[in-house]
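*Asks:* how would this look folded up:
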Amino acid sequence: MSTNHSEETDGARGPVVWMVRHGETEWSRSGRHTSRTDLDLSGDGEEEALALRPAFAGARIELVLCSPRRRAEQTAELAGLVPYTVTDDLQEWDYGELEGLTTPEIQSRFPGWNIWNGPWPGGETAADVESRADRVVEMVLASGASRVALVGHGHFSRVVAARWVGAEVAIGGWLNLDTATISELGWARDARVLHRWNVPATSLA
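*Replies:* As a prediction, this is how the structure comes out:
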């Protein structure tokens, strides 16, 4: 991968982590909240995922962790991020009773609702996903790998990014994340930082 980042961000104190959101599905296209529902990529999503492949060619990634959902596994395979280890903690925020609904539909029931502040009837709370994200970060830090890829989902990847820099979960609300994009978590001397965010594959190839 051609990232053109400075030497001190490339494994200076720990692994460089590339996070990949899965390609488009029919539900992501229509804005329906998708966690447990195990959808395949759409045709456009397959093309998006395949377009990631050149960005990772020759990147010498030592560890790939992937959500157990088909849309994530298909993305990893099409992007050439194989072999990968399926990691339950990388699955999307569990929306509970809100699964499959759009934000306007949810807000008709809970005015002013957003995922960061809830409520989350029958699903995971912000504290729940914070704990999962912290486990992912600790797994990455303890892996001994210098370059890691995480293939997962929109909201949960935003939580991982927030926790990587030690911020509260709600900070993820400021981090928009499109399908089939690459984000880089890295280092600036001793500090964990967000080095790049929501970058299309064509910008890094």
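
*Asks:* what packs against the least confident helix or strand in the chain by mean pLDDT?
*Replies:* Least confident helix or strand, the chain: helix 53-56 with a mean of 94, by mean pLDDT, DSSP states H and E. Helices and strands touching helix 53-56, by 3 or more C-beta pairs under 8 Å, 6 or more residues apart in numbering; DSSP states H and E, are helix 70-79. Using the backbone N, CA and C atoms, a C-beta is placed for each residue, glycine as well.

*Asks:* The next helix-or-strand element following the helix it packs on - which strands sit beside it in the sheet, and in what orientation?
*Replies:* Sequence order places strand 85-86 as the next helix or strand after helix 70-79, per DSSP states H and E. Sheet pairing of strand 85-86 (DSSP bridges) gives strand 63-66 (parallel).

*Asks:* From the rest of the structure, what touches the strand it pairs with?
*Replies:* The contact list for strand 63-66 (C-beta atoms under 8 Å, 6 or more residues apart in numbering) reads 15, 72-73, 76, 81-87, 90, 136, 139-140, 143, 145, 147-152.

*Asks:* Make a PyMOL selection of the buried ones in these.
*Replies:* Buried members of these, defined by 16 or more other C-beta atoms under 10 Å, are picked up in PyMOL with:
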select buried, resi 15+72+73+76+81+84+87+90+136+139+140+145+147+148+149+150+151+152
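
*Asks:* Quickly run through the sheet partners of the longest strand seen in the chain, with directions.
*Replies:* Scanning the chain for the longest strand, with DSSP state E as the assignment, gives strand 191-200. Partners of strand 191-200 in the sheet, by DSSP bridges, are strand 181-188 (antiparallel).

*Asks:* Tell me which residues of the partner strand come out buried.
*Replies:* Buried, per 16+ other C-beta under 10 Å, within strand 181-188: 181-187.

*Asks:* roughly how far apart are residue 50 and residue 77?
*Replies:* 10 Å (C-beta to C-beta, to the nearest Å).

*Asks:* Could you do residue 91 as well?
*Replies:* 17 Å.

*Asks:* what's the burial count for residue 115?
*Replies:* Residue 115 has 24 neighbouring residues, counting by other C-beta atoms under 10 Å.

*Asks:* can you pull the contacts of it?
*Replies:* Shown in contact with residue 115 (C-beta under 8 Å, 6+ apart): 33, 93, 95, 155, 173.

*Asks:* For the closest residue in space to residue 170 that isn't next to it in sequence, which three-state class applies?
*Replies:* Distance criterion C-beta to C-beta, 6 or more residues apart in numbering; nearest residue to residue 170, sequence neighbours excluded, is residue 116 at 4.4 Å. Following DSSP: H, G, I helix; E, B strand; the rest coil, we place residue 116 in the coil state.

*Asks:* these two touch, right, residue 116 and residue 175?
*Replies:* No: Residue 116 lies out of contact with residue 175 (C-beta atoms under 8 Å); the separation is 10.7 Å.

*Asks:* Any stretches of the chain with poor pLDDT?
*Replies:* 1-12, 204-205 (pLDDT under 70).

*Asks:* residue closest to the middle of the chain?
*Replies:* For the chain, the residue nearest the mean C-alpha position is residue 157 (3.1 Å; C-alpha atoms, centre = their mean).
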